[in-house]
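> Test case, fold it:
(2 chains)
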Amino acid sequence: MSSAEQTKTRLLAGNVSKAGVMSFLSAQGILIFFLLGMVVFSFFSEQFLSQSNIMTVVRQASIIGIIAVGVTVVIIGGNLDLSVGSMLSFATVLVVDLHDKIGPTNAILMMFALTLMLGAVNGVLVGFMRLNSLIVTLAMLSIIQGLVLIYSGGQNVDIANQDGTWFAFFGRGYLLGIAVPVLLFGLLAILMQIVMSRTGYGRRIFAVGGNPMAAVYSGIRKNWCVFSTYLISAFCVACAALVLGSRVMGSQNNIGPGLRAAGAGRHHPGRHQPARRRRQHLEDGDRRADPRLHPERPAAHGLPLLHPVDRDLGDHHPGRLAGPRQQAQAPVDDPLMTRRHDT
Amino acid sequence: MISIKGFFRGRAAIQPIWVFVIAIFIFFSFMSEYFLSLGNITNILVQTSTIGLIALGMTYVMINGNIDLSVGAILGLAASLAVGLQDHGLTIAITAALASGMLLGAINGLVVWKTGVNAFIVTLGAMLGIRGLIFHYTGEQSFYSMNFAFSDFGASTIGPIPVLAIIFLACTLVMHLVLTRTGHGRNTFAVGGNPEASIDAGIRLGRHMMINFIIVGFFAALAGVLLASQMGAATPNLGRDYELWTITAVVLGGTKLTGGYGSIVGTLGGVLAIGILRNGMNLMQVPAFYVLVVLGVILISVLIIDKKLNVPSTKEVRI
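Modelled structure (predicted):
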């Protein structure tokens, strides 16, 4: 972020030009929006700035945050992952269902293994077979959603004894006064920031996303790099499922889809690029990430998106995440399920 | 150049997706005795008309090198408006619904044109924002149509063929002709194939981009109105995930995400492929869940086949 820092120092020195302000805005837009949101909401509500509310907000954001950490890596590598939403349903249903059958430890291990396997499928298709990531992950979204419904038979799964299991730790527990989901989110974000900015691996991902051809010519094994980004994404989804499953202790098989957009919306491929490169984008259709993007930028979310379940229930009360669950049903708004009544 | 040549090649030979459509058509005719009847076939056409109409517009946008993820939300808004405004008269309600779709499409196009932000991100934002508008407008309530002329329209037929199917097929024909026979259609290909060359050739990129977004907005709204008339109602969640189905249909039809290549005929094939698969598997009593898996597998297979068939030109470096 050296250019942003330069801009900042220039701003502090009072040497404000229009171009400087614009580039500062474009580089730090989300941060400004975040601060603005904080100020506006704290004027409108007294409770907003209270410690408990802040903790609630951060805890709600942590599930999306954990997924977004993984998706960030995929996007930096020049691809997209739309399948995280249904992968989250998959992993959550799996871990909650297996919890009572084979015990928490085995369930968690199993869930991680299978989710990573789905990530590997994504990775093989995009990395090694070089298919378009948007379509592949779109197809995987559909496949995984189908798998979840087949596995669960369309029914909700629940953990019978919710108070007597240590599995509650991940979603409901506290460590040193901080909620475990928040800790997990912070830990993953910091770890990924270090990996992406300080290690050779991170630099290779940036190189592959920035200019694949140059990356290949400089001896980077592009296929493996892309493959690994999908593994990271799947790993993060599995972590998020751990939190979600343990927080809700039951799972709807359509819990994930709302999160898809939220995860992908964090980072804008081609946002800061000059017009020429943008046109290049149009031309080769490659959605590359800007290397200058920060992997763990805080996001401003006051949006109903945060509560996947609430989307279905139609209200935005945070407590409803653990509230009454709907009876599972085949997707009603399925485009082709609408039948004619006659004939 | 490659895309133009491929375009002609694609028009000359039968498209792969149509081979697939014919194959599954024959397959299901043998597997289920109910499949091959006029009632069922018109049923398929009506069922696919919603996705099909949006897919027509989406084909234009994707040939142009963009994508529109907000179609599902536009459909939902148009459906709610078409039912919710019926107190002011049916004409006003439907006009408002269609106008809202075109307006939102125009806004999408304008933002993509003027800011140069990736269409994926712009329309992703629009998808969330418009869905919010729907919830605000409807107050999270479903609307029921009290006007029977509206709900009867969705079930009406001309001769043996349902009106919805006729509208869909007529729109398909018109859009096919516009794409292949008019300047706008040709320029859409040019812009998607090579934006810089099109600028050099004096084509106004932004204008065509915006027109295409208006087209897809219009068709999404039209699909919304027709879907609402089919059900005689509109729910705020109507149209969720339709963008995924639409993109699936368009990609199955052979349109390239990278732009500059595609056809309405292919899109019709893609839409029918999905419709026939759903219908046929329903008739064979396959649980609905498996259809999702099958569709995903087919989508990936199409990509793989496409990759194997399209040998890269010699200049291109394999990476």
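> Flag every buried residue along the helix or strand in which residue A:65 is found.
If you go by DSSP states H and E, residue A:65 is part of helix A:51-76. Along helix A:51-76, the positions that meet the burial threshold by neighbour count (16 or more other CB atoms under 10 Å in any protein chain shown) are A:53, A:57-76. In short, each C-beta sits where N, CA and C put it, glycine included.
> Repeat that for stretch A:22-40.
A:23, A:24, A:27, A:28, A:30, A:31, A:34.
> Let me know the closest of these to chain B.
The shortest separation between chain B and any of the buried residues of stretch A:22-40 is 12.7 Å, and it belongs to residue A:30 (by CB to the nearest CB).
> secondary structure element for the closest one?
Residue A:30 belongs to helix A:18-44 when elements are defined using DSSP H and E.
> Now for chain B, the helix or strand with the poorest mean pLDDT.
Taking mean pLDDT, DSSP states H and E as the measure, the helices and strands of chain B show their lowest mean at helix B:2-12, namely a mean of 46.
> following that one, which helix or strand comes up?
helix B:16-31.
> Whichever helix or strand comes after that following helix close to chain A?
Going down the chain from helix B:16-31, the next helix or strand is helix B:38-63, by DSSP H and E. Yes: among the residues of helix B:38-63, B:39, B:42, B:43, B:46, B:47, B:48, B:50, B:51 lie within reach of chain A under CB under 8 Å from any CB of the partner chain.
> Just put those residues in JSON lines and tack on pLDDT and neighbour count.
Shown next, in JSON lines, are the residues of helix B:38-63 next to chain A (pLDDT from 0 to 100; neighbours: other CB atoms under 10 Å in any protein chain shown):
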{"residue": "B:39", "pLDDT": "86", "neighbour count": "11"}
{"residue": "B:42", "pLDDT": "89", "neighbour count": "19"}
{"residue": "B:43", "pLDDT": "88", "neighbour count": "19"}
{"residue": "B:46", "pLDDT": "90", "neighbour count": "27"}
{"residue": "B:47", "pLDDT": "89", "neighbour count": "25"}
{"residue": "B:48", "pLDDT": "91", "neighbour count": "28"}
{"residue": "B:50", "pLDDT": "91", "neighbour count": "28"}
{"residue": "B:51", "pLDDT": "92", "neighbour count": "27"}
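> Does the host helix or strand of residue A:204 reach chain B?
Taking DSSP H and E as the definition, residue A:204 sits inside helix A:200-210. No: figure legend: helix A:200-210 not in contact with chain B (CB under 8 Å from any CB); closest approach 9.6 Å.
> Show me which positions of the helix or strand that that helix is followed by end up buried.
Tracing the chain C-terminally past helix A:200-210 and defining elements by DSSP H and E, one meets helix A:212-217 next. For helix A:212-217, burial by neighbour count (16+ other CB under 10 Å) applies to A:212, A:215, A:216.
> The residues you listed: which ones sit near chain B?
If you filter those for contact with chain B, counting by CB under 8 Å from any CB, you are left with A:212, A:216.
> now the buried residues of helix A:212-217 in JSON lines, with distance to residue B:133 and pLDDT?
As requested, the buried residues of helix A:212-217 are exported to JSON lines (distance: CB to CB, whole Å; pLDDT from 0 to 100):
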{"residue": "A:212", "distance to residue B:133": "39", "pLDDT": "85"}
{"residue": "A:215", "distance to residue B:133": "42", "pLDDT": "87"}
{"residue": "A:216", "distance to residue B:133": "45", "pLDDT": "86"}
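> In contact with residue B:306, which residues?
The neighbourhood of residue B:306, defined by CB atoms under 8 Å, 6 or more residues apart in numbering or on different chains, consists of residue B:254.
> Tabulate the CA atom coordinates of stretch B:220-234 in CSV.
Output in CSV follows, covering the C-alpha atoms of stretch B:220-234 (Å, rounded to 0.1, in the frame of the first residue of the first chain):
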residue,chain,number,x,y,z
ALA,B,220,-36.3,-9.2,-16.8
ALA,B,221,-39.2,-6.9,-16.1
LEU,B,222,-41.3,-8.6,-18.8
ALA,B,223,-40.5,-12.0,-17.3
GLY,B,224,-41.5,-10.7,-13.9
VAL,B,225,-44.8,-9.4,-15.2
LEU,B,226,-45.6,-12.7,-17.0
LEU,B,227,-44.5,-14.8,-14.0
ALA,B,228,-46.8,-12.7,-11.8
SER,B,229,-49.7,-13.2,-14.2
GLN,B,230,-49.0,-16.9,-14.2
MET,B,231,-49.3,-17.1,-10.5
GLY,B,232,-51.7,-14.3,-10.0
ALA,B,233,-49.4,-13.1,-7.2
ALA,B,234,-46.0,-11.7,-6.4
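> Report the buried residues of it.
The neighbour-count check on stretch B:220-234 (16+ other CB under 10 Å) flags B:220-234 as buried.
> now, which of the residues you listed lie within strands?
Among the buried residues of stretch B:220-234, the subset assigned to strands under DSSP state E consists of B:233, B:234.
> List, out of the buried residues of stretch B:220-234, those positioned next to chain A.
Of the entries in the buried residues of stretch B:220-234, those that also sit close to chain A under the rule CB under 8 Å from any CB are B:227, B:230, B:231.
> Helices of the stretch 51-200 of chain A, start to end?
Taking DSSP state H, counting those that start in this stretch as the criterion, the stretch 51-200 of chain A carries its helices at A:51-76, A:84-102, A:104-123, A:133-152, A:169-172, A:180-198, A:200-210.
> What of the stretch 51-200 of chain B?
Using DSSP H, counting those that start in this stretch, the helices found in the stretch 51-200 of chain B span residues B:71-84, B:90-115, B:119-138, B:148-155, B:163-181, B:183-193, B:195-200.
> And the fourth one, what does it pack against?
With contacts defined as 3 or more CB pairs under 8 Å, 6 or more residues apart in numbering or on different chains; DSSP states H and E, the secondary structure elements packing on helix B:148-155 are helix B:163-181, helix B:205-231.
> Same list, the buried residues of stretch A:22-40, but as JSON lines with distance to residue A:94 and pLDDT please.
Formatted as JSON lines, the entries for the buried residues of stretch A:22-40 read as follows, by distance: CB to CB, whole Å; pLDDT from 0 to 100:
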{"residue": "A:23", "distance to residue A:94": "46", "pLDDT": "74"}
{"residue": "A:24", "distance to residue A:94": "45", "pLDDT": "71"}
{"residue": "A:27", "distance to residue A:94": "40", "pLDDT": "72"}
{"residue": "A:28", "distance to residue A:94": "39", "pLDDT": "74"}
{"residue": "A:30", "distance to residue A:94": "33", "pLDDT": "79"}
{"residue": "A:31", "distance to residue A:94": "37", "pLDDT": "82"}
{"residue": "A:34", "distance to residue A:94": "34", "pLDDT": "82"}
